[in-house]
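> Got a predicted model here, sequence first, then my questions.
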Protein chains: 4
Amino acid sequence: MKIIRDPIHGYIEVNDEVLPIISSQFFQRLRYISQTALAYMVYPGMRHSRFEHSLGAMHLAKEFLNYLSMNNKIDFLTEGYKTLVSVSALLHDVGHVAFSHTFESALQVTKEVYGENIEYYGKETHVKYGLKIISKNSSLFDKLGKESNISDPIKFLINVIGNTPKTEEERLASQIISNFVDADRGDYLLRDSYYAGVGYGSYDIERLKRVLVYVDKKIAVLKKAIPIVEQFLLARMYMYENVYFHSVVGMYNAILSHAISKLIREGKIDLNNIENLTDIKILNMIEETEFRDPILFRKGYKRIKKDITQECMSLIDKAEINNLMRETEGKIIYYEFFDVPYREESEAVYIYDGEKISQLSRFSNLITAVKDLQKAIIVYHVSMEDKVKKYVEILKSC
Amino acid sequence: MKIIRDPIHGYIEVNDEVLPIISSQFFQRLRYISQTALAYMVYPGMRHSRFEHSLGAMHLAKEFLNYLSMNNKIDFLTEGYKTLVSVSALLHDVGHVAFSHTFESALQVTKEVYGENIEYYGKETHVKYGLKIISKNSSLFDKLGKESNISDPIKFLINVIGNTPKTEEERLASQIISNFVDADRGDYLLRDSYYAGVGYGSYDIERLKRVLVYVDKKIAVLKKAIPIVEQFLLARMYMYENVYFHSVVGMYNAILSHAISKLIREGKIDLNNIENLTDIKILNMIEETEFRDPILFRKGYKRIKKDITQECMSLIDKAEINNLMRETEGKIIYYEFFDVPYREESEAVYIYDGEKISQLSRFSNLITAVKDLQKAIIVYHVSMEDKVKKYVEILKSC
Amino acid sequence: MKIIRDPIHGYIEVNDEVLPIISSQFFQRLRYISQTALAYMVYPGMRHSRFEHSLGAMHLAKEFLNYLSMNNKIDFLTEGYKTLVSVSALLHDVGHVAFSHTFESALQVTKEVYGENIEYYGKETHVKYGLKIISKNSSLFDKLGKESNISDPIKFLINVIGNTPKTEEERLASQIISNFVDADRGDYLLRDSYYAGVGYGSYDIERLKRVLVYVDKKIAVLKKAIPIVEQFLLARMYMYENVYFHSVVGMYNAILSHAISKLIREGKIDLNNIENLTDIKILNMIEETEFRDPILFRKGYKRIKKDITQECMSLIDKAEINNLMRETEGKIIYYEFFDVPYREESEAVYIYDGEKISQLSRFSNLITAVKDLQKAIIVYHVSMEDKVKKYVEILKSC
Amino acid sequence: MKIIRDPIHGYIEVNDEVLPIISSQFFQRLRYISQTALAYMVYPGMRHSRFEHSLGAMHLAKEFLNYLSMNNKIDFLTEGYKTLVSVSALLHDVGHVAFSHTFESALQVTKEVYGENIEYYGKETHVKYGLKIISKNSSLFDKLGKESNISDPIKFLINVIGNTPKTEEERLASQIISNFVDADRGDYLLRDSYYAGVGYGSYDIERLKRVLVYVDKKIAVLKKAIPIVEQFLLARMYMYENVYFHSVVGMYNAILSHAISKLIREGKIDLNNIENLTDIKILNMIEETEFRDPILFRKGYKRIKKDITQECMSLIDKAEINNLMRETEGKIIYYEFFDVPYREESEAVYIYDGEKISQLSRFSNLITAVKDLQKAIIVYHVSMEDKVKKYVEILKSC
């Protein structure tokens, strides 16, 4: 067992059978993929990478299972099963490439603004990439989970990380790593708020762990702990509102996505060969382009100070502004933010009142009052001041 | 005034006249120079950069002056003077290039191991580079300090940062940014321990600020606060012992210094033009070399498990191992660590007992018992296992 | 100036003119009045007193004024005025006697359950007591606020603490110490959650302070900081739900209020002479009564495990259970909890959008979704098990 | 299992078999015995009690054993044994009466200053009292440790808490609860510094737990963790220097010990019947005496501002000042402070280098440089100003 010091969880323990995965090249490269893209333009402390977050998610997955098995008897919850689930958590982001979600934005821009015919699966793109990596490196995983009733560990990882669980074992694992309250969000909220230096992203993880139960094949939270769940969901909402969706953070990520898109369109990034694409390579390539000043030195771009609220979005002619983006090659950018803090659809948070489980909305007025987060910004190179005046005018009326 | 969120100090306020300095390209590039080089190989959270540290040092310099002027009447301590000192702190590390001190190690290796005739000023190299940057960009500074009796702000910055103070004003500034207890160390201890997630690097900054006085033209600490000073000096010592001088951290920094040295020797890094050299560029160049695996993926090198203590160093024939390093081009590396936690020479911590100031050693047994930190390691590429056996044997006897 | 170490605010500075107030007997006695009554039965760390909280409220009042005067020009906001407002905050709880609000409950029980004709002003009782203390000790206050346009400092304190402000100066002071977001709540949320060891009561005080403005004679919060205000109001709500209104905390406070009521009814506590009544005296008197075991040793009482929700309250016949309480002299107790987390009536949180101020509800769905907190419990001495069976039955149906 | 929220350790788990002990009257009374006597006169936050500390010591004892059994195979380390050791830790302070060590000072004053013939065992007095309590309540303990090879649990508790271990099992338990690095100190350092709001009392408990081994029947610390041990020992030293031995803290504890002594001499405290003596009773009795003002309201006493260092102690004629204390009945008090931060005698910290264990002094210069803490103060009622002038003069020369 190896022990890794971590500012969020104190110590993260790594089993001997998991160590080779962490030591592999495809995992080590996560050290060079920043967790929150260019958020450091506004919150300078946010320099942490997907590497630390992935270790943290693994740690929390194990913790969640440990407490579940204290609160419930779950036959299949063996040491081997725990290892498999924790590896699923460890690898849930392994497909991320340079600048994580901003790379996905770059693909979207390439496809939708510049009309290139490329493979793009929205926010699931990194998942697809991840599954490829796992398949390619199957020899690292095929001995995992010996002391469990999982016969095909690779299939397990693929079904769980790909979010297509087929068995009860896979479904529990899926809930552990991807749900409203899960090991992924559980880690990134604590971690991102620590590095940003803001308090509102943190929540009572010690208590949350202890109130998880497994009832009717679902993870549920004891009713008495509803405030903890509310706090968790609100913490995430606040991080979106104030950090991830900070207008200036969005501004630089928007510019970056156009910069990356240009590299793709010019063939400098080969989409068939991006497994090793890290922030380093992108930043290095950007140094040779006109995006050097804004991306590396925070220079040359402005934004229209007034954010575009959901109500005002209809005032913007999408086709027109898309044209403008394309024509100016990203010297004018329209950028939308969208997130659903909580909505009960295929997934929900379940509450256990001692008798049965119900969806959270039955109990929490607070959470049902939470609205989708939606806004947009317009940013522009200073040379485009004249061309954006029109939008400044339009937004005045709103 | 602009406010920057910071995990260590909460908020850092930036005066309007200082903002252009922070926005300049030469300062923004500090975002891409890691504060603690490859310490993240062992402490994954340590991804912070010289950018945040420089802001923090500026903040503390201002705080120290604020409290000094509450405790003493100092005629020349005007708003303008404060700005000048805080800019000195802001820029004290502006000459650092890629990987900070490890780049300096690379210069040393290039000169001493490979015998190249290059400019190298030891640990002062980044100071020399910094003074050049300040001179080149003098228009950014020549209006600073209007409400003060400093007539030549550029000269002030150069004398203070270059540690060649000529006037009382400069000497006070020098003590603020470079002494045993100063704004530089004051910030990096708190910051590095926060990102490492270790507690022993932190100390009571709130109390320390309040007990500073200016007596006999020296900054001194009130006698009742000796424990705080001891704690500060020990915190620094512990950070050296456990983090900066961690054998595995040292191992990777040693390999990195050889990797950079090779880039210098091959002319891929032009020492006459390194102002823009950041971690990104170095890492990108290393990807094309045989050092890619160890530096990017933590692969291929080992170390002799037994550290070489001060007593055993004489067992190693320096000329011989230098030859070996050169011949193997860094496949075998001998690397020394050395730091003086506290020693009263030209500088000392002064204690004020209400009547006069004296050096700390008069009062603190603890601090006088502190010894220099000194050890060495031998690291090697796995292909060199045979060649290092000899050293394994030698060290057994020690 | 004296400096007091405080776990919440780091250091609290006390002006020389305020020191005699803090040194006075009536203020020192607050050391022996616990901030949160018997909450320590469940959260053992909650042993802090009104003394620390009052110092903290003073500190925050000063901080709020400091930031207001940075953000706005307010003519009357002089050093003298600041001192007067901070003393108002310091003394806002000076009328609390033993066990704070639980003593007020005891008065209510005495009047409403046992039908005694006593003076009782609900939750304002401690305010009335406080005003008496201020009047009696006027010589301590009549020199305060010299450098201000407040001519009668005693009147100022009485109008502000009594919440009957007459002038703009008094109204601002009133908002500082008593509003939805104020120095009182600002301190107790941070403090109570620190001592309880729970995270959900804390909020971003550093940011909150910086976003306060004074517009249209009201304190308002900058629009961009709405999330901070939401977090503040929710933090308070969570503290009520989980700590102050914890069923077991309520249980012991309910028993204590009956114990105190008995001491009143038996004349052991003289209501005309309670200024010096501290927890110590009450606990000492209780040692001689049948309430010794439950109050001192957590022994002898139980509660019906099912809390009575707002919907079920109508099932309980109030007259009947009041009779039962009286007859059993507190061996059976019915106890209601009630709090309004946020409602816009005479008071509201104001938001400033750069042009005008509006009430928070215009912007925050979240806060308008917050409901009143209301529930009740029934607790009983183990000897009464038979008599409460009836209520156990009634509550089953709900 | 019951879970108790704790600000220091997050959650403390209580086994079902231990719950009756915690619920017992003799343990619940610890809620009313302050951990650090009158330290709250200077550090207002220090209102915590022996109750919380005892729970914390129990928790750490269990944690230490858990990690020991991970690092070593120890045959007798069963669940039953762990329970017994954790109960030993829980009860190590159960004999403390009002104001903990200050009561012991009061006994000393009574015996040595006033010449009364009373039972007094120095700092072991509370241990003797504790053993009596355990013997009296043996039915609570005689079923403990079923799954262990301890046949007589009462004898085990008495030998361990009384620090007279006879067997290997008892000796290990003894080391866990009372050594230089143990569960008692481990808890109180973290706890006292949290409540004081000072940072220097804290240390890296998470790392410390993990580096404990059991070698040659001794608990030892891995060599690589020496800095953690140093930090621990220094943290304790700093807490003594700055908090426990703060001159003003000492002043009020000195007065309190004379106040209590008077109550003893007047027969108001019956030394044969003090098991239920809590702070409450003492404070209540003091209210009727001339010590009311200093103890309750911090009024009436001063101290000679100059502390008496170890070197100057010989200047004070002990017999003479003892007479003065007696004659003035505590209106003049001479009070000595003494603590040994670390000294290797019957006990020592052991370091394990992978081969054998050695005493810490072999490795740590720092710790061997630590000196005993020794000083004295003279405090006096303001009416005695004339009589202490002599001592002011004497101390001038020193």
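Good, I have the coordinates.

> drop to CA atoms for contacts and neighbour counts, all remaining ones
Noted.

> Alpha carbons of stretch A:265-272, as CSV, please.
In CSV, the C-alpha atoms belonging to stretch A:265-272 read as follows (Å, rounded to 0.1, in the frame of the first residue of the first chain):
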residue,chain,number,x,y,z
ARG,A,265,-9.0,23.4,-38.2
GLU,A,266,-5.4,24.0,-39.3
GLY,A,267,-4.6,20.4,-38.7
LYS,A,268,-2.1,21.2,-35.9
ILE,A,269,-4.1,19.0,-33.6
ASP,A,270,-4.9,15.6,-35.0
LEU,A,271,-8.2,14.5,-33.5
ASN,A,272,-7.3,10.9,-34.3
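
> Now do that stretch, average pLDDT.
Taken as a whole, stretch A:265-272 has a mean pLDDT of 95.

> swap in stretch A:383-398?
Here stretch A:383-398 scores 94 as its mean pLDDT.

> Flag every buried residue along that stretch.
Along stretch A:383-398, these residues count as buried under the neighbour rule (16 or more other C-alpha atoms under 10 Å in any protein chain shown): A:385, A:388, A:395.

> Give me the residues contacting that stretch.
Under the contact criterion C-alpha atoms under 8 Å, 6 or more residues apart in numbering or on different chains, stretch A:383-398 has outside partners A:304, A:306, A:308, A:312, A:315-316, A:331-332, A:380.

> cool, and stretch A:103-111?
Residues lying outside stretch A:103-111 but in contact with it, judged by C-alpha under 8 Å, 6+ apart, are A:97, A:116-118, A:120, A:122-123, A:125-126, A:254, A:256-262, A:264-265.

> quick check, nearest of the buried residues of stretch A:383-398 to chain D?
The shortest approach to chain D among those belongs to A:Leu395, at 49.8 Å (C-alpha to the nearest C-alpha).

> circling back to that earlier point, just the ones of the contacts of stretch A:383-398 in strands?
The subset of these located in strands under the criterion DSSP state E comprises A:308, A:332, A:380.

> got a markdown table for these, with distance to chain B and pLDDT too?
A markdown table is the format used below for the ones in strands among the contacts of stretch A:383-398 (distance: C-alpha to the nearest C-alpha, whole Å; pLDDT from 0 to 100):
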| residue | distance to chain B | pLDDT |
| --- | --- | --- |
| A:Ile308 | 24 | 96 |
| A:Ile332 | 22 | 98 |
| A:Tyr380 | 18 | 98 |
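
> Secondary structure for the buried residues of stretch A:383-398 - can I get that in a markdown table?
Below are the buried residues of stretch A:383-398 laid out as a markdown table (DSSP: H, G, I helix; E, B strand; the rest coil):
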| residue | secondary structure |
| --- | --- |
| A:Glu385 | helix |
| A:Val388 | helix |
| A:Leu395 | helix |
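
> measure the residue in the stretch 201-350 of chain A that chain C sits nearest to to A:Tyr194 for me?
Closest contact between the stretch 201-350 of chain A and chain C, by C-alpha to the nearest C-alpha, is at A:Asp204 (6.1 Å). If you measure A:Asp204 against A:Tyr194 using C-alpha to C-alpha, to the nearest Å, the figure is 14 Å.

> Looking at the two, which one has more neighbours?
Set side by side, A:Asp204 and A:Tyr194 show unequal neighbour counts under other C-alpha atoms under 10 Å in any protein chain shown, the larger going to A:Tyr194 at 21 against 16.

> quick one, what contacts that one?
Applying C-alpha under 8 Å, 6+ apart to A:Tyr194 gives the contacts A:8, B:7.

> helix or strand for it, which one?
Here A:Tyr194, judged by DSSP states H and E, is contained in helix A:183-196.

> ok so, going back, what's the PyMOL syntax to select whichever of the contacts of stretch A:383-398 are buried?
Restricted to the buried members of the contacts of stretch A:383-398, where burial is judged by 16+ other C-alpha under 10 Å, the PyMOL selection command reads as follows:
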select buried, chain A and resi 304+308+331+332+380
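
> Redo the contacts of stretch A:383-398 as JSON lines? Include distance to B:Phe156.
As requested, the contacts of stretch A:383-398 are exported to JSON lines (distance: C-alpha to C-alpha, whole Å):
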{"residue": "A:Ile304", "distance to B:Phe156": "40"}
{"residue": "A:Lys306", "distance to B:Phe156": "42"}
{"residue": "A:Ile308", "distance to B:Phe156": "47"}
{"residue": "A:Cys312", "distance to B:Phe156": "53"}
{"residue": "A:Leu315", "distance to B:Phe156": "55"}
{"residue": "A:Ile316", "distance to B:Phe156": "53"}
{"residue": "A:Lys331", "distance to B:Phe156": "41"}
{"residue": "A:Ile332", "distance to B:Phe156": "43"}
{"residue": "A:Tyr380", "distance to B:Phe156": "39"}
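
> near chain B, which residues of the stretch 1-150 of chain A?
Within the stretch 1-150 of chain A, the positions near chain B by C-alpha under 8 Å from any C-alpha of the partner chain are A:4-8, A:10, A:23-25, A:28-29, A:42-48, A:51-52.

> ok but A:Lys62 is inside a strand, no?
No - note on A:Lys62: no strand contains this position according to three-state DSSP, which reports helix.

> Just to check, it is in contact with A:Tyr81?
No - the pair A:Lys62 / A:Tyr81 is not scored as a contact, 10.0 Å apart, by C-alpha atoms under 8 Å.
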